[in-house]
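> Coordinates only, no sequence provided:
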């Protein structure tokens, strides 16, 4: 069920009608959450429910066993890792691994068709599998590390794991943050309701107006459905994709946070205007924060982080980023996307060019944005050949037929809008008089009204959220 | 302003903005909701007919059942069941037959046989399936919430800035026909895309045989079948004959062996706006010609001459 659908509107109306009746006591509250969340998830395909149940039951049992049977904690923990990563491997990576082996055999002169041998069920990618698997994993890891006490109540556990606002595209919420919240009854006050409304309206605007309108322009370029070409054209496409993926994912996160807030729960910020970053390091502290911190806590720091030897820190960064690349998709292009970020990050860390050159933020922000945008080309491309060809075009100074701007004006206007909003936010963050004007004139009231109007009348072609595939 | 007041103020301002917006700006020419409703009704309506007209976009833009009925003096009731890139798979033909009135004296299928409709890609019938496979909730939404959804139809910035200036005009009719035309028509427009299609895949024996076998079964079961090749520009026809692998003479002869009436048409009698699809005036003319042929075949008491060139 998509947040930007009539189905979800009806579903959420019903849910929030029932919520005040159920929220007073733990078991009824958790029961409603679990039933609603499973209904929400099963709306795509009821068979997906078996997988989340499988993954969840393993970790629910593992959590209890790790604490109650200390002598079994290691094998139980290993079993939990195997179960979660195993199901992720089967459903998400089987084709990729088969392709990698095929390519490796092919290099040795042996031709095998392993992809054809993959069972049909493994070719289906359950929506949001990477999100709930990571959420489930963090629960067991935290218990194993002694940082969390397991819950004995299975409804409590599945309320955490399957909670519908964040189930399919995050934010990845940690058990230590949410399990405790789920035990309490919090009725949101008027300010929280207003904040929730803003988040939902701005999130829908980002997704339906900016991201969905840009998708037509971006898709027609990447699918070769247009005759336009040249450097300027491909920069427009690349920048449009940067804003499409940002608004798509940030929009989802905002809606998820708004829905949770309306229920009385708090999810941490997942995007903090990453394209206003003045360093790539800062970008990663602002982009998909819940995933970045997950990798930081469970991969990067255990591998040594940045405070060990040069070799260890480079290794930790490389492994973390490559895993992050693989998390996003089972394709070589995601590995290259991650590798580019590793390269840019190492360059930045060891030359400190962004600090040494003493550049104004108004210069640094576009420089960082260009790095991110070039890397996104690999993220969006269907294969390496396409990505390489586009990157060559970006830097070849080939002439462009500027009529593309006119031809796609109905879509590019939303790119300008997206850029304009980020610039306005930059000045609101850095200029106190702008911030004061924003608050004194109650501009947020007008912005909420306009975002609803725009989402109703200027929504793009309804599309799935990009991050559902991860 | 308090948070509660802000919530109410934003809703009131939003309602006001919506009213002002709808007052100031004309409805866009292309209403996606109406289009969606058109396809869903075509696919899921329980109504039955005497004549089901099948084929791809050349058919749903090219034949008006209302015009056909007029030519038949209302003696037969028809529906256009064309879908984009439709192919003559068993499933699609069974669907078409299911729309025929079992109790009617005549159960007639009119098939527009384009080269593309006999390709493997067309047999996937993706456009048809996108509506056929919709769940009950999707159908409910389109059928019963349509007035609300229509009010909130999508605008493009150009609708607001320059007014609605669509150059491609489409009029969706309840009988399944999409009357189409283009301002500043370019009769070579579709050539390149069809060239690209047929450089990727062609008509193959498997699909042709499957189609012929299915037609045999249908005619054996009492379904009367009339077929023709939808008219296009001469350039399009020549290109398809050379690239698509479609052997019209063979298909025509094999269909005739299976008691199918093949209607010959003179492409030069029709006008296309893009080289592939008929202008709505020509679509009416084609419908009239097919109607006359059906009248001659099934409503006149005289002999049923087949394979004549329609004058």
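Thanks, I have it. Small disclaimer: the values here were computed from a predicted structure and weren't measured.

> packing partners for the lowest-mean-pLDDT helix or strand in chain A?
Sorting the helices and strands of chain A by mean pLDDT, DSSP states H and E puts helix A:432-440 at the bottom, at a mean of 81. The helices and strands touching helix A:432-440, judged by 3 or more Cβ pairs under 8 Å, 6 or more residues apart in numbering or on different chains; DSSP states H and E, are helix A:409-430. In short, each C-beta sits where N, CA and C put it, glycine included.

> Could I get the buried residue list for the helix it packs on?
A:410-415, A:417-418, A:421-422, A:426, A:428 (16 or more other Cβ atoms under 10 Å in any protein chain shown).

> check contacts around the nearest residue to residue A:289 once chain neighbours are set aside.
Counting by Cβ to Cβ, 6 or more residues apart in numbering or on different chains, residue A:289 lies nearest to residue A:270, which is 5.3 Å off, once chain neighbours are set aside. By Cβ atoms under 8 Å, 6 or more residues apart in numbering or on different chains, the contact list for residue A:270 reads A:170-171, A:250, A:253, A:257, A:288-290.

> tell me which strands and helices the longest helix along chain A is in contact with?
Secondary structure of chain A per DSSP state H: the longest helix is helix A:231-263. Helix A:231-263 is packed against helix A:6-22, helix A:190-204, helix A:212-222, helix A:361-380, helix A:384-394, helix A:403-407, helix A:409-430, with contacts defined by 3+ Cβ pairs under 8 Å, 6+ apart.

> ranking the ones you listed by burial, who's on top?
helix A:212-222 (a mean of 22; mean count of other Cβ atoms under 10 Å in any protein chain shown).

> How about that one and chain B, touching?
No - using Cβ under 8 Å from any Cβ of the partner chain, we find that helix A:212-222 stays clear of chain B, coming within 9.0 Å at best.

> That helix versus helix A:231-263: what angle between them?
Counting by axes from the mean of the first three to the mean of the last three Cα atoms, to 10 degrees, helix A:212-222 lies at 140 degrees to helix A:231-263.

> what residues does helix A:212-222 touch?
Contacts of helix A:212-222 (Cβ under 8 Å, 6+ apart): A:4, A:225-226, A:228, A:233-234, A:236-237, A:240-241, A:243-244, A:247, A:380-382, A:386, A:408, A:410-412, A:414-415, A:418, A:458-463.

> confidence score at residue 257?
With no chain named, the answer covers chain A. Residue A:257 carries a pLDDT value of 96.

> That was the other one, I meant chain B.
pLDDT recorded at residue B:257 is 94.

> burial of it, as a residue count?
11 (other Cβ atoms under 10 Å in any protein chain shown).

> quick one: it from residue B:251, how far?
Relative to residue B:251, residue B:257 is positioned 11 Å away (Cβ to Cβ, to the nearest Å).

> The stretch 51-200 of chain A: strands as residue ranges?
For the stretch 51-200 of chain A, no strands are identified by DSSP state E, counting those that start in this stretch.

> near chain B, which residues of it show up?
Remark: the part of the stretch 51-200 of chain A in contact with chain B comprises A:189-191, A:193-194, A:197, using Cβ under 8 Å from any Cβ.

> What is the burial count for residue 210?
Went with chain A since none was named. Residue A:210: 26 neighbours (other Cβ under 10 Å).

> The chain in question should be chain B.
By other Cβ under 10 Å, the residues close to residue B:210 number 18.

> which parts of the stretch 1-150 of chain B sit against chain A?
Applying Cβ under 8 Å from any Cβ, we find that the stretch 1-150 of chain B lies next to chain A at B:1-4, B:6-7, B:9-11, B:13-14, B:17-18, B:21, B:137, B:141, B:145, B:149.

> Give me the buried subset of those residues.
B:6-7, B:9-10, B:13-14, B:17-18, B:141, B:149.

> need the contact list for residue A:132.
By Cβ under 8 Å, 6+ apart, the contact set of residue A:132 is A:52, A:55-56, A:161-162, A:167-168.

> burial measure for residue 75, as a count.
Reading this off chain A. Residue A:75: 11 neighbours (other Cβ under 10 Å).

> wait, I meant chain B there
14.

> ok so, going back, JSON lines please, covering the helices and strands packed on helix A:231-263 and showing mean pLDDT.
What follows is these, written out as JSON lines (pLDDT from 0 to 100):
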{"stretch": "helix A:6-22", "mean pLDDT": "92"}
{"stretch": "helix A:190-204", "mean pLDDT": "95"}
{"stretch": "helix A:212-222", "mean pLDDT": "92"}
{"stretch": "helix A:361-380", "mean pLDDT": "95"}
{"stretch": "helix A:384-394", "mean pLDDT": "94"}
{"stretch": "helix A:403-407", "mean pLDDT": "87"}
{"stretch": "helix A:409-430", "mean pLDDT": "93"}
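
> May I see these organised as a markdown table, with distance to residue A:445 added?
Formatted as a markdown table, those follow (distance: least, Cβ to Cβ, whole Å):
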| stretch | distance to residue A:445 |
| --- | --- |
| helix A:6-22 | 22 |
| helix A:190-204 | 9 |
| helix A:212-222 | 25 |
| helix A:361-380 | 29 |
| helix A:384-394 | 41 |
| helix A:403-407 | 34 |
| helix A:409-430 | 16 |
